[in-house]
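Asks: quick one, fold the following:
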Amino acid sequence: MQYRYMAFPLGAVLIWAMNTIVNKLAAGVIPPEDISFYRWVLAALLLTPFMLKPVWQRRADFRPYLLKIGALALLGMVLFQSLAYVAAVTSSATSMGMIASLMPLLTLLLSSLFLREPPTLGTLLGGILSLFGLMILIGKGHPADLFTNGVVIGDFLMLIATIAYALYGVLLRRWALPFPTWQLLYMQILIAVVALTPGYILGAHSALTAENIPLILFAGIAASIVSQFLWMRGVAHLGASYATVFMNLFPIFTVIIAVLALGETLHAYHAIGGGITLVGVVLAQILKQKLVRRAA
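Replies: Have a look, this model is predicted:
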């Protein structure tokens with residue numbers, strides 16, 4: 001394995017961490033329905049010169065899979081991104097990054113359900129440990145307060161968004177749609193634009209300004225296209241299992257950028273709860289012993 005290829009997944013994870021900061025910055029300068037819509041419209045416009053012809057030529061092949069492609073678009077692009085923008089209004093970027101770090105663990109848990117993959121010792125122990133860490137994190141150091149004071153709505157929405165994206169990854173693997181990655185991505189983007197259009201039309205708009213245009217450009221270009229390219233290259237050269245390990249750096253990158261760029265304070269409950277959650281995620285990835293054997 002050539003170490004230079006590590007730059008691909010590292011770059012993708014770094015962009016995703018930066019996008020969490022963009023989500024937080026966008027909360028005060030542009031409505032969620034606006035940036036969600038503009039982001040995918042921009043991505044669609046940039047990909048259309050390259051993707052329109054091959055996708056149009058295969059339109060008959062796409063037709064039987066439109067419902068599945070639509071479900072993927074709703075989970076991965078509409079729900080995940082829209083909920084993340086709304087979550088940023090009340091949740092800190094630090095908390096959002098740590099909650100999103102649960103994605104590899106949630107993917108393993110959902111794989112047991114939807115792909116009928118036997119659960120492992122890691123998913124059991126990691127799930128319990130990560131749940132405890134998440135309760136510390138969301139409860140701001142006092143897990144018992146969750147039962148009396150409830151949770152910050154932004155943290156809850158970010159958790160739902162993370163579950164949606166984990167399910168997106170599982171269904172993408174289960175269905176294994178017979179199309180090149182870029183063509184499939186382009187189709188999902190087009191469907192996402194259509195799905196987001198009613199919310200954009202009915203929403204409360206804000207003018208495009210020098211403050212929010214850079215956020216839209218980053219979300220539409222770096223987070224939607226460049227990161228996807230880097231991740232696919234990383235998976236191609238390193239393999240999916242090895243590339244996924246780099247996702248464990250996501251909360252670390254997010255915290256560092258949030259502290260430096262946003263001036264957020266790293267509290268003890270962030271370090272303890274986030275650390276326990278991350279340990280749980282790592283355990284789920286390294287402890288592969290099956291708890292239930294497959295039927296012969």
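
Asks: and residue 181, how many neighbours?
Replies: Neighbour count for residue 181, taken as other Cβ atoms under 10 Å: 14. Where C-beta positions appear, they are placed from N, C-alpha and C, glycine not excepted.

Asks: and it, what pLDDT?
Replies: For residue 181, the model assigns a pLDDT of 87.

Asks: can you say which helix or strand has the nearest residue in space to it that is not next to it in sequence in it?
Replies: Using Cβ to Cβ, 6 or more residues apart in numbering and skipping residues adjacent in sequence, the residue nearest residue 181 is residue 232, 5.8 Å away. Per DSSP states H and E, residue 232 falls inside helix 227-238.

Asks: isn't residue 5 right up against residue 238?
Replies: Yes: contact criterion Cβ atoms under 8 Å: residue 5 and residue 238 qualify, at 5.6 Å.

Asks: ok, the two, which is more surrounded?
Replies: Set side by side, residue 5 and residue 238 show more neighbours around residue 238, with 20 against 16, by other Cβ under 10 Å.

Asks: ok, now which ones touch the more buried one?
Replies: Each residue near residue 238 by Cβ atoms under 8 Å, 6 or more residues apart in numbering is listed here: 1, 5, 6, 8, 9.

Asks: could you report the pLDDT at it?
Replies: Residue 238 is assigned 78 on the pLDDT scale.

Asks: ok, the nearest residue to residue 143 once chain neighbours are set aside - how many residues close by?
Replies: Leaving out its chain neighbours, the residue that sits closest to residue 143 by Cβ to Cβ, 6+ apart is residue 135, at 3.9 Å. Neighbour count for residue 135, taken as other Cβ under 10 Å: 19.

Asks: roughly how far does residue 135 sit from residue 230?
Replies: Separation of residue 135 from residue 230 (Cβ to Cβ, to the nearest Å): 34 Å.

Asks: kindly report the same for residue 82.
Replies: In terms of Cβ to Cβ, residue 82 sits 24 Å off from residue 230.

Asks: so for the two, which residue has more residues nearby?
Replies: residue 82 (23 against 20).

Asks: what sits against that one?
Replies: Residue 82 sits next to 32, 33, 36, 196, 199 when contact means Cβ under 8 Å, 6+ apart.

Asks: that one: helix or strand, and which one exactly?
Replies: helix 80-87.

Asks: how distant is the helix holding residue 232 from the center of its chain?
Replies: 16 Å (Cα atoms, centre = their mean, to the nearest Å).

Asks: for the closest residue to residue 54 other than its chain neighbours, give me phi and psi.
Replies: Excluding the flanking residues, the one nearest residue 54 by Cβ to Cβ, 6+ apart is residue 183, at 6.0 Å. As for residue 183, its main-chain torsions (degrees, to the nearest 10) stand at phi -70, psi -40.

Asks: burial measure for residue 183, as a count.
Replies: Residue crowding around residue 183 was assessed by other Cβ under 10 Å; the count is 19.

Asks: from what I can see it touches residue 53, true?
Replies: No: counting by Cβ under 8 Å, residue 183 does not reach residue 53; the two are 10.5 Å apart.

Asks: lowest average confidence, helix or strand, in the protein?
Replies: Ranking every helix and strand in the chain by mean pLDDT, DSSP states H and E puts helix 240-245 at the bottom, with a mean of 72.

Asks: just the CA trace of the helix holding residue 232, in PDB.
Replies: Extracted in PDB, the C-alpha atoms of helix 227-238 (Å, rounded to 0.1, in the frame of the first residue of the first chain):
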ATOM      1  CA  SER A 227     -14.900  15.400  -1.300                       C
ATOM      2  CA  GLN A 228     -16.800  12.700  -3.200                       C
ATOM      3  CA  PHE A 229     -14.000  12.500  -5.700                       C
ATOM      4  CA  LEU A 230     -11.300  12.200  -3.000                       C
ATOM      5  CA  TRP A 231     -13.300   9.500  -1.100                       C
ATOM      6  CA  MET A 232     -13.900   7.400  -4.200                       C
ATOM      7  CA  ARG A 233     -10.200   7.600  -5.100                       C
ATOM      8  CA  GLY A 234      -9.300   6.700  -1.600                       C
ATOM      9  CA  VAL A 235     -11.600   3.600  -1.600                       C
ATOM     10  CA  ALA A 236     -10.200   2.600  -5.000                       C
ATOM     11  CA  HIS A 237      -6.600   2.700  -3.900                       C
ATOM     12  CA  LEU A 238      -6.900   1.600  -0.200                       C
END
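
Asks: report the buried residues of that helix.
Replies: Going by neighbour count (16 or more other Cβ atoms under 10 Å), the buried part of helix 227-238 is 227, 228, 230, 231, 232, 233, 234, 235, 237, 238.

Asks: can you redo those residues as CSV with distance to residue 16?
Replies: Supplementary listing: these in CSV, determined by distance: Cβ to Cβ, whole Å:
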residue, distance to residue 16
227, 6
228, 10
230, 10
231, 9
232, 14
233, 15
234, 12
235, 15
237, 19
238, 17
